[in-house]
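Student: A structural model of the following input is requested.
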Amino acid sequence: MRKTIIAGNWKMNHLGADAKETIQGLVAKVPQDVKPKVIIAPVFPYLPMAVEMTKGTPIHVAAQNMHWEEKGAFTGEVSPAMLVDIGVTHVILGHSERRTYFNETDETVNKKTKAALAHNLTPIVCCGETLEQREQGIMQSWIESQIEKALEGLTAADVKKVIIAYEPIWAIGT
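Tutor: The predicted structure follows:
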């Protein structure tokens, strides 16, 4: 059964005061019995604040990315254990901007998805096509391939824990 989810990826926006004000506004406006799942994805520095401010509310906090390794020499990266340690419950993986600007692949998205699940984080796996792919008529096969590769090697039970977020790349910002 499909569940309705409203998720806001803040990308690289909001300084601390703005983030706090936005979260306060959401907490005030999102009723305790809200039906859709509400998820916010602030930038990394404000994740602990977001987790603290949303405690006891129906608002969940997602990280915008993570590494698949538990620890190691991965400067600038954050592990799934670190996210769990600060109270994050969800993580966005494979966003088109991560794929475009940081060379993420279907294979790295798969590794990250498995690592998230191993740490009881809910992965939000992104998929989407460019306008060129849409116009060429390969949209369906492109998206199916992204999803299949992201979920490769997962059990049926694990697949049920994954959120698939479809966002056509050509529509971002429009």
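Student: okay, CA-based contacts and neighbour counts for the rest of this
Tutor: OK.
Student: which ones are touching residue 51?
Tutor: 60-61, 86-88 (CA atoms under 8 Å, 6 or more residues apart in numbering).
Student: what's the farthest-apart pair in these?
Tutor: Among the contacts of residue 51, the pair separated by the greatest distance (CA to CA) is 60 and 86, at 12.7 Å.
Student: follow-up on the earlier one: out of the contacts of residue 51, who's the most crowded?
Tutor: In terms of neighbour count, residue 61 stands highest of the contacts of residue 51 at 24 neighbours, by other CA atoms under 10 Å.
Student: check what pLDDT it gets.
Tutor: Confidence at residue 61, expressed as pLDDT, is 98.
Student: can you check the one 3 residues further on too?
Tutor: According to the prediction, residue 64 has pLDDT 97.
Student: find the nearest non-adjacent residue to it, please.
Tutor: Nearest-residue entry for residue 64: residue 92, 4.9 Å, with adjacent residues in sequence omitted and distances by CA to CA, 6 or more residues apart in numbering.
Student: how about that neighbour, phi and psi?
Tutor: For residue 92, the backbone dihedrals (degrees, to the nearest 10) come out as phi -80, psi 130.
Student: what is the burial count for residue 142?
Tutor: 17.
Student: again with the one 10 residues further on
Tutor: Using other CA under 10 Å as the criterion, residue 152 is surrounded by 15 other residues.
Student: now swap in residue 140 and tell me
Tutor: Residue 140 sits with 12 neighbouring residues when counted by other CA under 10 Å.
Student: also the one 5 residues further on?
Tutor: Counted with other CA under 10 Å, residues neighbouring residue 145 total 14.
Student: would you say it is within a strand?
Tutor: No - counting by DSSP: H, G, I helix; E, B strand; the rest coil, one finds residue 145 to be helix, located in no strand.
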